[in-house]
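Peer 1: sequence first, predicted coordinates after that:
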Amino acid sequence: MELNKDYKQIFLHNDSDYNLLKNKVVDKIAFTNTGNYDTHMCIITFTDKTFIALGTGYDDEDDPKLGNEPIIEPQNWNSGNFRLYMHVNSDNKIIYSPYIRILRDFDIWQFIDEEELSIIEKQRKDKENYEYREYLRLKEKFENK
């Protein structure tokens, strides 16, 4: 997983350069509203491989505000731990949370197939280990009655 170096993020400012987006041609737009302000995001990519990402946060007085959402390297996001933000479906396909899916679908975050296969395999092994430990626990419980 890595940040696509071909893309450049543009940071908007409240009181400067109103022409920052002049003549930009929109390529894609996505919005996610997950109920958790940490993962609200509106992202707009442009045909020249630049993009803006806006998210929600709070100011010093705990008032909500809209601001730039810095897009960082995937391995630095939640320490590279995506387990809470994805699951493997019955077809062994990874389903990501909307925030991650947008960055991946827009090619801002690039995931290598081998990495995804290792995630699927790790998920499978973790589930199998959990089930086996649970089996042993239940076996112990019911055989000792």
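Peer 2: Alright, I've got the coordinates. Numbers count the residues shown, from 1 in each chain.
Peer 1: Y7 and D48, how far apart?
Peer 2: 10 Å (Cβ to Cβ, to the nearest Å). (Each C-beta comes from the backbone N, C-alpha and C, glycine too.)
Peer 1: what's the one helix or strand G57 maps to in contact with?
Peer 2: Element membership for G57 (DSSP states H and E) is strand 50-58. By Cβ atoms under 8 Å, 6 or more residues apart in numbering, the residues outside strand 50-58 that reach it are 7-12, 21, 24, 37, 40-45, 64-71, 106, 108.
Peer 1: so which residues of this protein form strands?
Peer 2: 2-3, 8-9, 26-32, 41-46, 50-58, 64-68, 86-88, 94-96, 109-110 (DSSP state E).
Peer 1: how far away from the center of its chain is the last one?
Peer 2: Averaged C-alpha coordinates place strand 109-110 at 10 Å from its chain's average position (Cα atoms, centre = their mean, to the nearest Å).
Peer 1: the fifth one too?
Peer 2: Distance, stretch centre to chain centre, for strand 50-58: 14 Å (Cα atoms, centre = their mean).
Peer 1: of all the strands of the chain, which lies closest to N76?
Peer 2: With Cβ to Cβ as the measure, strand 2-3 is the member of the strands of the chain nearest N76 (9.1 Å).
Peer 1: packing partners of that closest one?
Peer 2: Contacts defined by 3 or more Cβ pairs under 8 Å, 6 or more residues apart in numbering; DSSP states H and E place strand 2-3 against strand 109-110.
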